[in-house]
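Asker: no sequence on hand, only this structure:
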């Protein structure tokens, strides 16, 4: 896609540069494929631009999306070994977050999700990373495990130029309202409709 | 997204394994963001699964998407240095393809696009790679620079288990019909609507 020109110039008193360097809140939602995949693609670009990446996966199974995790581990190592790109951290809820003393316990998923968000809030306040992927984060919002209004307030108050991408179906309307960039992925056709199961390298 | 179960089992005489290991033709289309980004995310997963990746960018400017190109160069080097993942090739049309003696010339874009497709056809016939990204490939189809029916016939006849992902707006209906996996990215909201220009690490 060409970089293009804005369709209108807002009357906000900011220079183009100041307006450009604003933190982006992006939401990828809809029933189609590619929500997380596009978020990881954005993280790839951020990595190359030298932005420190942190991925938080709000998934119950540690078996999901291991492919991306390995690839970003290789990119993190490329940063350490060759000084290219940026550091990458990858955390997944699974049966407990990597930073948690409760890791490995069969914990309450609602509590684990709330704990994940509390940690992300602290990191946002501290400016710990430059580019955050909150993968499948819409589900704990939808299920009421995490308060959407509190998330929006915390994101609005985040300091510096920290970018956040949130993925998952059924993003709450208030989150879509708060976001700068919203893309809906719509399923047009999927191999599973034709009775095909997933395969390594394509689905996971 | 959970791996899920097929909604129906086709009466094609294939085992689940044989049906699973079929080459996938995916199309990412629509006016929204994330078409290419999701394709590069899929390539990341393929890389981790040990599938040899080749990206062909049908873009006029060599300045586009340099972020992803650098990241995949780091992944290619990780394969060479540490034996992880798989090799990655990255070719962009720019003002001539990397394999072409005409590289650097201000060439005819239609001729360059046709040359790119001819090379991809040869590679598909030879089984040169496992995972192809034909980025922004719908445009030369739309503009009639490359014949859509010939592309579909070549893809249908490709040997082995070579996966192909095609991105771009306005994918021809016949291509969507031929694809196994089609996702439409729909723009809901974009920062440029609010007069913000792109920024490094986010837009490129």
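Answerer: Thanks, I have it. Please read all numbers here as calculations on a predicted model, not as lab measurements. Residues are numbered from 1 along each chain as shown, chains lettered A, B, ... in the order given.
Asker: alpha carbons only for contacts and neighbour counts from here, please
Answerer: Will do.
Asker: list the contacts for the residue nearest to residue A:124 when sequence neighbours are not counted?
Answerer: Nearest residue to residue A:124, sequence neighbours excluded (CA to CA, 6 or more residues apart in numbering or on different chains): residue A:158, at 5.8 Å. By CA atoms under 8 Å, 6 or more residues apart in numbering or on different chains, the contact set of residue A:158 is A:124, A:125, A:127.
Asker: narrow those to those in helices?
Answerer: Those of those mapping onto helices are A:124, A:125, per DSSP state H.
Asker: let me know the closest of the contacts of residue A:158 to residue B:188.
Answerer: In terms of CA to CA, no member of the contacts of residue A:158 lies closer to residue B:188 than residue A:124, at 25.7 Å.
Asker: secondary structure class for residue A:71?
Answerer: helix (DSSP: H, G, I helix; E, B strand; the rest coil).
Asker: thought it was touching residue B:75?
Answerer: Yes. With contact defined as CA atoms under 8 Å, residue A:71 reaches residue B:75; the gap is 7.5 Å.
Asker: which one's more surrounded, these two?
Answerer: residue B:75 (26 against 23; other CA atoms under 10 Å in any protein chain shown).
Asker: look up how far chain A lies from the more buried one.
Answerer: 7 Å (CA to the nearest CA, to the nearest Å).
Asker: identify the contacts common to residue A:71 and residue B:75.
Answerer: residue B:85.
Asker: related to what we said a few turns ago, selecting buried members of the contacts of residue A:158 in ChimeraX, what would you type?
Answerer: The buried subset of the contacts of residue A:158, as determined by 16 or more other CA atoms under 10 Å in any protein chain shown, is captured in ChimeraX by this line:
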select /A:124
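Asker: what's the closest of the contacts of residue A:158 to chain B?
Answerer: residue A:127 (16.8 Å; CA to the nearest CA).
Asker: please report how far the closest one lies from residue B:38.
Answerer: When distance is defined by CA to CA, to the nearest Å, residue A:127 is 27 Å away from residue B:38.
Asker: re the thing from before, mind pulling up the pLDDT for the residue nearest to residue A:124?
Answerer: pLDDT, residue A:158: 97.
Asker: where's it, which helix or strand?
Answerer: In the assignment (DSSP states H and E), residue A:158 maps to no helix and no strand.
Asker: re the thing from before, could the contacts of residue A:158 go into CSV alongside pLDDT and distance to residue A:171?
Answerer: Output for the contacts of residue A:158, formatted as CSV (pLDDT from 0 to 100; distance: CA to CA, whole Å):
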residue, pLDDT, distance to residue A:171
A:124, 98, 21
A:125, 97, 23
A:127, 97, 25
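Asker: any idea which of the contacts of residue A:158 is closest to residue A:146?
Answerer: Distances from residue A:146 to these, taken by CA to CA, are shortest for residue A:124, at 16.3 Å.
Asker: need the contact list for that closest one.
Answerer: Residue A:124 touches A:155, A:158, A:159, A:162, counting by CA under 8 Å, 6+ apart.
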